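# starting from these lines, generate the structure:
(chains A and B)
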Amino acid sequence: MEEFNHISLFQDYLIGDLNPADKTTFELRLKEDKEFSDEFNEFRLLEQDVEEVTARNEAKFELKSKFNRDLVVDDYNEGDDLGELATPASTRTIQIRRWSIAASVLLIAVFSFVFWPAKNIDKPIVEFLDSDSIPHLAKNVSCNELDSIYNRALIDYNKAENDLTTQLQNNPKGSDPLSRKFRKKLRISRDQKQKVLKEINLARSQKCSDAIPFDVEEGFILDTTMLEGY
Amino acid sequence: MISAIQSKKDLKDDEIIRRIKQNDVRIWEILQVRYYKMMEIFVTKNSGSADDAWDNFQETMAALFVNVSKTNFRLTCAFKTYVYQINRNMWLAELKRQKRRPIRVYDNEDNELADIDTSDELVEKEYRIKLIEREIEILGENCRKIIKLYYYLKKSMKEISLEIGYSNDANAKNQKAKCMKQLKAKLGHGRI
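Got it, this is the predicted structure:
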């Protein structure tokens, strides 16, 4: 019981909750009672360590998304005083660089479309997107930009589906190659839309603390009866 | 993007520190590009796997972020040495936690790292931090919550009592004292 009281007492002292008389008594005891003083110092050390642990845990959580294990690293070699970028890249590094260049091109294309829509108004954003590219893309854009990309993708997919649906409606019972082609396109577009929007949703939920999931079905205008018989 | 990162390889140490303090989103990739290989070599030379090196790298970066963010932080050696030092202490502490502490530590053969501090004191501190981290993980949910609210978010006892739903702040204080006692007991040393 006394041990527990010590912790309460230490806490009260450190928070500043002791009244002046108790505070004086406490400080006097710290001076005179070595065991008590050691306990107090041990408690303060524990508090400092706990504070460090909680800060690091939060930092780990925050930084986790900022590292990518496949990111190209400099070719540091032991015994090489200069260290960084001193020797030719390994095969793996070259492969990663190639992949990164491809990803960069994709990113530039998406950014160009999102931020300068007037120049690219005819090009649907979905031409630049596929579900595999979303996680990488999400790491490099802000939450607001992700929202914009989602909205643009949704509009583009819906527009594409609208066009295809209209064309099918003009030939509702057609079994000719053209109708079959439209139906196939509709299916592909629908699958792609689901995958891409779900990936963006997932990326948002991981990246943005205030993310409210979008409704992937929202605005989904495909009449699935149009696909019957396909 | 990568070339942009590589072009930052000449960033001066004080610029790196400034960008870490600002939590600049790009600085972490730059640090990974610049230092990961060095850090991985140390871990793999000292009984660790590539996966261990990756985990240790993330732990190191978190510690680096916390340290550099402190208002009284002062860099007393080259930044590269500082990163190496944290990574080294962190990994040796992990080996100790796993009871695999080596008799001999193999440091990187790099003249730029000649002035590292190899004293055990820093490893001991990291070891203590690791133990506390694991013990906090297995405390009750309320204790974890109180610890986070008090030590990380710096909430007052009154705010904690409101957040957790205690009737008054004395109850919150009492509960926090119990949690700390529990933690101390789990760590298994001292009387507190």
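# check what pLDDT A:N201 gets.
In this prediction, A:N201 carries a pLDDT score of 79.
# number of nearby residues for it?
For A:N201, the number of neighbouring residues by other Cβ atoms under 10 Å in any protein chain shown comes to 19. All C-beta spots, glycine's among them, are computed from the backbone N, C-alpha and C.
# A:E62 too?
A:E62 has 14 nearby residues by other Cβ under 10 Å.
# next: B:D13.
Residues near B:D13, counting by other Cβ under 10 Å: 14.
# and the helices in the chain?
Just so you know, I chose chain A. A:2-15, A:20-32, A:34-63, A:91-115, A:134-139, A:143-169, A:177-207 (DSSP state H).
# wait, chain B was what I had in mind.
B:2-6, B:13-21, B:27-45, B:50-69, B:79-97, B:120-137, B:141-147, B:157-164, B:169-187.
# mean pLDDT and distance to chain A added to these, as CSV?
As requested, the helices of chain B are exported to CSV (pLDDT from 0 to 100; distance: least, Cβ to the nearest Cβ, whole Å):
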stretch, mean pLDDT, distance to chain A
helix B:2-6, 49, 5
helix B:13-21, 92, 11
helix B:27-45, 92, 4
helix B:50-69, 95, 4
helix B:79-97, 94, 8
helix B:120-137, 93, 5
helix B:141-147, 94, 6
helix B:157-164, 93, 7
helix B:169-187, 92, 5
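# for A:L46, which of those is the nearest?
For the helices of chain B, proximity to A:L46 was assessed by Cβ to Cβ; helix B:169-187 is nearest, at 6.3 Å.
# what's A:F182 in contact with, if anything?
Applying Cβ atoms under 8 Å, 6 or more residues apart in numbering or on different chains, we find A:F182 in contact with A:L164, A:Q167, A:L168.
# out of the residues you listed, who's nearest B:W54?
A:L164 (45.5 Å).
# if we can go back for a sec, of the contacts of A:F182 - the most surrounded one?
A:L164 (22 neighbours).
# OK, contacts around it?
A:F182, A:K185, A:L186, A:S189.
# the first one and chain B, how far apart?
With distances defined as Cβ to the nearest Cβ, to the nearest Å, the gap from A:F182 to chain B amounts to 39 Å.
# what do you get for the last one?
For A:S189, the distance to chain B under the criterion Cβ to the nearest Cβ works out to 30 Å.
# now A:F36
10 Å.
# lowest average confidence, helix or strand, in chain A?
Least confident helix or strand, chain A: helix A:91-115 with a mean of 63, by mean pLDDT, DSSP states H and E.
# using TSV, lay out the contacts of A:L164 together with pLDDT.
Formatted as TSV, the contacts of A:L164 follow (pLDDT from 0 to 100):
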residue	pLDDT
A:F182	73
A:K185	78
A:L186	78
A:S189	79
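# so B:C77 sits against B:L113, correct?
No. With contacts counted by Cβ atoms under 8 Å, B:C77 stays clear of B:L113, the gap being 9.6 Å.
# which of those two has more neighbours?
Neighbours per residue (other Cβ under 10 Å) separate B:C77 from B:L113, with B:L113 holding more: 20 against 14.
# can you tell me which of the helices of chain A the model trusts least?
helix A:91-115 - the lowest mean pLDDT of these, at a mean of 63.
# from A:Q206, how far off is the residue lying closest to A:C208 once chain neighbours are set aside?
Among residues not flanking A:C208 along the chain, A:C143 sits closest, at 3.8 Å (Cβ to Cβ, 6 or more residues apart in numbering or on different chains). Distance of A:C143 to A:Q206, computed by Cβ to Cβ, to the nearest Å: 11 Å.
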